[in-house]
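J.: Let's see this in three dimensions:
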Amino acid sequence: MGKTVAAIAGTVLVLLVVLVAVISGGVSDSPTPGASRDLRAGTVPAVYHPALVAAGTRCPEAPAPVLAAQIEAESGWNPRAVSQVGAQGLSQFLPGTWARYGVDANGDGRRDPWDPLDAIASQAAYDCALAQELRPAIATGQIRGNVTELMLAAYNAGPQAVLRHGGVPPYDETTAYVQKIMTRSVFYATTPALTAQPGQGDGLGPRIVAAATTQLGIPYSWGGGSPTGPTGGTAHGAGTLGFDCSGLVVYAVAQASGGRTVLPHFADTQTRTGTPITDPAQLQPGDLISFTRPGESVAHHIGIYAGAGRMIHAPQTGSVVSVESLSTPHWKGQSWRAVRLG
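T.: So this is what the prediction gives:
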């Protein structure tokens, strides 16, 4: 702490000047948009794959990998499952909730919670309805958090519990439910090939950079981003499928670690775990750097160090995921905190 971004950039650029020819090719500045919102082959029963893909297009908060991970958490893929409180089928609907949200997806003239195709379509319909129901409270600040996580919490504990607690309710069952689904969604999602660039070496850090690089050009969306890719954001990001700064970090770290590490969607918290890097000369690709304005104690922004005095980040509304030099005037004078994961 106490160092400024100007100090980081100055030191790093001086030390790396003779290596720029090798490292500067490590990240391309040209947009290569991509996302991990489709199902990875072989991760779900083949008979359910088309239904999940179709259901995952209903709203950006509930893509197919999230729906699949949710089914795993709800029923363990058992279409005849019955819970202790009477929830039924693959997606574990209570009769009252099914009466309102159940749909006839297979066209047999019946809405049947025991039919997997009806259950999957109805699960997506209910998820998306919950996300829409929570949006006004998110916009006014009554509740805070990632929309997908809040949606899942509402599915488990009810929307009123989310509203009452101002976010994911502090119930052991609900917090574990949300964390499990967000983590397992990476298993079900298609993943980009994470190839470290020349000069960056191997390991988690270069894979974090590689994962973030796959999202260059994706729009900024306040509150957007999940372990599997861009999502709709909140407030002024509600109409945009994309990432905010911490959402991009959630995605890159989850992808690079194969879902083993899913960070909280909050810039300040993301650099309070891991190995602190206090000497800017020791920064390596994949290190996380958060920024705090003078006089403040909570970081307001975070990026991923990409080598050669640059970072990959989701800057602000109206911009896209991009690569930026740490020596730009915008970052000068801010305090920084850097950590290395793994």
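J.: so residue 230 makes contact with residue 147?
T.: No: between residue 230 and residue 147 there is no contact under C-beta atoms under 8 Å: 12.0 Å. For every residue, glycine as well, the C-beta is placed using N, CA and C.
J.: Ignoring the adjacent residues along the chain, who's closest to residue 173?
T.: residue 156 (6.9 Å; C-beta to C-beta, 6 or more residues apart in numbering).
J.: Counting neighbours, what do you get for the one you found?
T.: 23 (other C-beta atoms under 10 Å).
J.: same check, this time on residue 279
T.: Neighbour count of residue 279, defined by other C-beta under 10 Å: 11.
J.: So residue 255, which state does it fall into?
T.: With DSSP: H, G, I helix; E, B strand; the rest coil as the basis, the three-state label of residue 255 is helix.
J.: hang on, it packs against residue 211?
T.: Yes: between residue 255 and residue 211 there is a contact under C-beta under 8 Å: 4.0 Å.
J.: so where is this structure shaky, pLDDT-wise?
T.: The model of the chain has pLDDT under 70 over residues 1-37, 192-202.
J.: could you redo the last one with a cut-off of 50?
T.: Applying pLDDT under 50 to the chain flags residues 1-35.
J.: Spatially central, which residue of it would that be?
T.: Most central in the chain under C-alpha atoms, centre = their mean is residue 226, positioned 1.5 Å from the mean C-alpha point.
J.: Double-check residue 289 against residue 312; I have them as touching.
T.: No: using C-beta under 8 Å, residue 289 is not in contact with residue 312, being 10.6 Å away.
J.: Overlap in contacts, those two.
T.: Both residue 289 and residue 312 are in contact with 303-304, where contact means C-beta atoms under 8 Å, 6 or more residues apart in numbering.
J.: For residue 137, see how far away residue 234 is.
T.: 10 Å (C-beta to C-beta, to the nearest Å).
J.: between these two, who's got more neighbours?
T.: residue 234 (24 against 18).
J.: Hmm, residue 138 and that one touching each other?
T.: Yes: here residue 234 reaches residue 138: they are 4.5 Å apart, a contact under C-beta under 8 Å.
J.: okay, and the common contacts of those two?
T.: 147, 223.
J.: CA-only coordinates of stretch 145-159, as CSV, when you get a sec.
T.: Extracted in CSV, the C-alpha atoms of stretch 145-159 (Å, rounded to 0.1, in the frame of the first residue of the first chain):
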residue,chain,number,x,y,z
GLY,A,145,-25.2,-8.6,-5.8
ASN,A,146,-24.9,-10.4,-9.1
VAL,A,147,-28.3,-11.0,-10.7
THR,A,148,-27.7,-14.7,-11.4
GLU,A,149,-26.6,-15.3,-7.8
LEU,A,150,-29.6,-13.4,-6.5
MET,A,151,-31.9,-15.3,-8.9
LEU,A,152,-30.6,-18.6,-7.6
ALA,A,153,-31.0,-17.5,-4.0
ALA,A,154,-34.6,-16.6,-4.7
TYR,A,155,-35.2,-20.1,-6.3
ASN,A,156,-33.9,-21.7,-3.2
ALA,A,157,-35.1,-19.4,-0.4
GLY,A,158,-37.8,-17.3,-2.1
PRO,A,159,-37.6,-13.8,-3.4
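J.: What segments of this structure are helices?
T.: For the chain, the helices defined by DSSP state H cover 5-16, 20-23, 49-55, 64-75, 95-101, 116-140, 147-157, 159-165, 172-188, 204-213, 245-256, 267-270.
J.: out of those helices, nearest to residue 306?
T.: Among these, the nearest to residue 306 by C-beta to C-beta is helix 204-213 (5.5 Å).
J.: How far away from the center of its chain is the closest one?
T.: Centroid displacement of helix 204-213 relative to its chain, using C-alpha atoms, centre = their mean, to the nearest Å, is 15 Å.
J.: again with stretch 107-119
T.: 31 Å.
J.: go on, stretch 85-93?
T.: 27 Å.
J.: repeat for stretch 38-46
T.: The answer for stretch 38-46 is 20 Å, by C-alpha atoms, centre = their mean.
J.: try stretch 159-166
T.: 22 Å.
J.: Next, the buried residues of it.
T.: 159, 161-163 (16 or more other C-beta atoms under 10 Å).
J.: likewise stretch 170-185?
T.: 174-175, 177-185.
J.: same check, this time on stretch 51-65
T.: 51-53, 55-56, 58-65.
J.: now swap in stretch 80-94 and tell me
T.: Under 16+ other C-beta under 10 Å, the buried positions of stretch 80-94 are 81, 87-93.
J.: quick one: which of those is nearest residue 238?
T.: residue 91 (25.7 Å).
J.: which residues sit in contact with that closest one?
T.: 70-71, 74-75, 113, 119-120, 122-123.
J.: For the residue of the chain positioned farthest from its centre, which residues are in contact?
T.: What lies farthest from the middle of the chain is residue 109; by C-alpha atoms, centre = their mean that is 37.7 Å. By C-beta under 8 Å, 6+ apart, residue 109 lies in contact with nothing.
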